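Chemist: Sequence first, predicted model second:
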Amino acid sequence: MIQKYGKECPDIVRLYGNSLENKDFPTLGKYFSSRGSERDSKPDPKLMDISVHRLIRLEDKPNSEEIRKFDDLFQKYSEGEYEPTLENLKTYRRITSLAAQEELKQHRVIFCTTAVATSPRFIKALTGNIQQLIIDEAGMCTEPESIAAIIATKAQQVVLIGDHKQLRPVLKSTHAAKLGLETSLFERYSDRANMLQIQYRMVRIFLEYNIQCFQFNKVSPILVSRVTELITLITVAAIIWLKYCRYGLQHQSINQSTVI
């Protein structure tokens, strides 16, 4: 959005959770899952200039000098040159939390997850002052995730965007699913939803299939250019071909290993 609209883009900042912020500025007491998806996740480098945890460290920001001193101490700890105390860690967390709260108050649009919207620093800084809460891909959020964000922000208006027929909550527990957790807040109120009327990105063949199978002919086929359609179809065909070739090679390798 920033790259597309430039100066016309709303004043937006990105607020990450403490665990992801710790990837950029390591501290003590943060541990990560051994799962690859969580271990490899990190703040988006493209959003570096609007990330709250980086903005509070700029020279013209209050407490930035003290925060950077702590960053240096924690860096020395990782190199085995210093042993921070528990009091150091408490002071650091208090200062960064207050700095983040002050930074959040300076912007009109906050980009974060539903979990971060329930964090203490977010609540202390913005609760009661939020005009609109927009939850994208709301069909994929469990009902508690959506409700928690709504309650925490006390937003005057709530907008849920998504499609529960394409993306629903991903649950590991079949018991939780049977109890109803697989039904999102978006799906529960889907009978009141305003359907998408115009589709700008989907090529003709995919759009027509989607209309027939899922959207009950409510989407108007406003299509992309024929050149874009052709490029998209060629790309999809190439991906399928590459996956087929990879599968063929793996299958052949397995058979050869079995013979040996």
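Modeler: Structure received.
Chemist: could you measure the spatially closest residue to Glu137 that is not a sequence neighbour against Phe111, distance?
Modeler: Excluding the flanking residues, the one nearest Glu137 by Cβ to Cβ, 6 or more residues apart in numbering is Gly162, at 5.0 Å. C-beta here means a position set from N, CA and C on the backbone, and glycine is covered the same way. Using Cβ to Cβ, to the nearest Å, Gly162 is found at 17 Å from Phe111.
Chemist: Comparing those two, which shows the higher neighbour count?
Modeler: Gly162 (22 against 18; other Cβ atoms under 10 Å).
Chemist: host element of that one?
Modeler: Per DSSP states H and E, Gly162 falls between elements, in no helix or strand.
Chemist: how about it, phi and psi?
Modeler: Gly162 has phi and psi values of phi 170, psi -170 when expressed as degrees, to the nearest 10.
Chemist: what's the distance between it and Tyr92?
Modeler: In terms of Cβ to Cβ, Gly162 sits 38 Å off from Tyr92.
Chemist: before we move on, what about Val170?
Modeler: With distances taken as Cβ to Cβ, Val170 is found 35 Å from Tyr92.
Chemist: between these two, who's got more neighbours?
Modeler: For the pair Val170 and Tyr92, the greater number of neighbours falls to Tyr92 (21 against 8), based on other Cβ under 10 Å.
Chemist: just the helices in this structure please.
Modeler: For the chain, the helices defined by DSSP state H cover 2-5, 18-24, 36-39, 52-55, 64-78, 86-104, 120-126, 143-153, 174-176, 185-188, 204-210, 226-259.
Chemist: Lowest average pLDDT across those?
Modeler: Looking at these, the lowest mean pLDDT belongs to helix 36-39 (a mean of 52).
Chemist: Apart from its chain neighbours, what residue comes closest to the residue nearest to the spatial centre of the chain?
Modeler: Nearest to the geometric centre of the chain sits Thr113, at 5.6 Å (Cα atoms, centre = their mean). The shortest distance from Thr113 to any residue other than its chain neighbours is 7.1 Å, reached at Gly17 (Cβ to Cβ, 6+ apart).
Chemist: One more: Thr153?
Modeler: Here the residue nearest Thr153, using Cβ to Cβ, 6+ apart, is Ile130, at 4.7 Å.
Chemist: so that neighbour touches Ala155, yeah?
Modeler: Yes - between Ile130 and Ala155 there is a contact under Cβ atoms under 8 Å: 4.5 Å.
Chemist: Looking at these two, which is more packed in?
Modeler: Neighbour tally, Ile130 and Ala155, criterion other Cβ under 10 Å: the higher count belongs to Ala155, 20 against 17.
Chemist: hmm, back to that, pull up the gap between the residue nearest to the centre of the chain and Leu242, please.
Modeler: Distance from Thr113 to Leu242, by Cβ to Cβ: 33 Å.
Chemist: Report how many residues lie close to the nearest residue to Ser78 once chain neighbours are set aside.
Modeler: Nearest non-adjacent residue to Ser78, counting by Cβ to Cβ, 6+ apart: Pro26, 6.1 Å away. Neighbour count for Pro26, taken as other Cβ under 10 Å: 13.
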